[in-house]
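A.B. asks: What would the 3D arrangement of this be:
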Amino acid sequence: MTTRNILIIDDSQTILKVVSEMLKNNGFRVSTASNGKEGLEKALNEHIDAIILDKIMPEMDGNEVLEKLKNNPATKKIPVMMLTALSNIMEISKSLEMGAYDYIVKPFDNDNLLVRLNNIINKAEK
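C.D. replies: Presented below is the predicted three-dimensional model:
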């Protein structure tokens with residue numbers, strides 16, 4: 001089985017550390033970015049199998065990053081999972097309409113995140 005490379009884009013160093021460790025312990029390779037600009041660069045320059053994306057970030061929020069990813073032919077097929085504290089149904093709907101494959105609200109359960117991450121990767125490969 002091929003090792004999947006997951007890009008985590010979040011301005012919280014705690015989230016980057018916790019999610020990175022959990023994914024590495026489950027056989028994933030992990031790249032991280034602490035802002036949207038850096039995340040977009042990595043999505044373009046590395047082989048990324050899926051992206052976990054925060055919504056609330058300075059400079060460029062998660063929806064802006066998602067829009068740029070989905071409008072770029074080089075990144076539009078990468079499955080994106082939103083991982084954010086925003087639980088408002090309008091926010092969830094907006095991200096899903098913009099092309100996010102899934103949406104998880106913080107705080108989150110590691111096992112649930114892992115199952116849903118595998119699901120979006122499998123959906124994207126079909």
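
A.B. asks: how about the strand or helix carrying residue 18: buried residues?
C.D. replies: Using DSSP states H and E, residue 18 falls within helix 13-25. By 16 or more other C-beta atoms under 10 Å, the buried positions in helix 13-25 come out as 15, 16, 19, 20, 22, 23. Every C-beta, even on glycine, is put in place using the N, C-alpha and C of the backbone.

A.B. asks: How about the contacts made by the closest residue to the third one other than its chain neighbours?
C.D. replies: Spatial nearest neighbour of residue 19, chain neighbours left out: residue 8 (5.3 Å); criterion: C-beta to C-beta, 6 or more residues apart in numbering. Residues in contact with residue 8, defined by C-beta atoms under 8 Å, 6 or more residues apart in numbering, are 15, 16, 19, 20, 23, 30, 31, 32, 33, 51, 52.

A.B. asks: Over to residue 101?
C.D. replies: Applying C-beta under 8 Å, 6+ apart to residue 101 gives the contacts 79, 80, 81, 120, 123, 124.

A.B. asks: ok, of the residues you listed, which one's closest to residue 40?
C.D. replies: residue 80 (11.8 Å; C-beta to C-beta).

A.B. asks: Pairing-wise in the sheet, spell out the partners of the closest one.
C.D. replies: Going by DSSP bridges, residue 80 is paired in beta bridges with residue 51.

A.B. asks: Please identify the buried residues of the helix ranked longest in the chain?
C.D. replies: Using DSSP state H, we find that the single longest helix of the chain is helix 110-125. Within helix 110-125, the residues that count as buried by 16+ other C-beta under 10 Å are 113, 114, 116, 117, 120, 121.

A.B. asks: what does the average pLDDT come to for stretch 20-37?
C.D. replies: Stretch 20-37 shows a mean pLDDT of 97.

A.B. asks: which residues sit against that stretch?
C.D. replies: With C-beta under 8 Å, 6+ apart, stretch 20-37 has contacts from 3-11, 13, 16, 19, 39, 41-42, 46, 48, 57-62, 64-65, 110, 113-114, 117.

A.B. asks: quick one on the thing from earlier: of the contacts of residue 8, closest to residue 74?
C.D. replies: residue 51 (13.1 Å).

A.B. asks: Tell me the pLDDT of the closest one.
C.D. replies: As predicted, residue 51 sits at a pLDDT of 98.

A.B. asks: With that, I have no additional questions.
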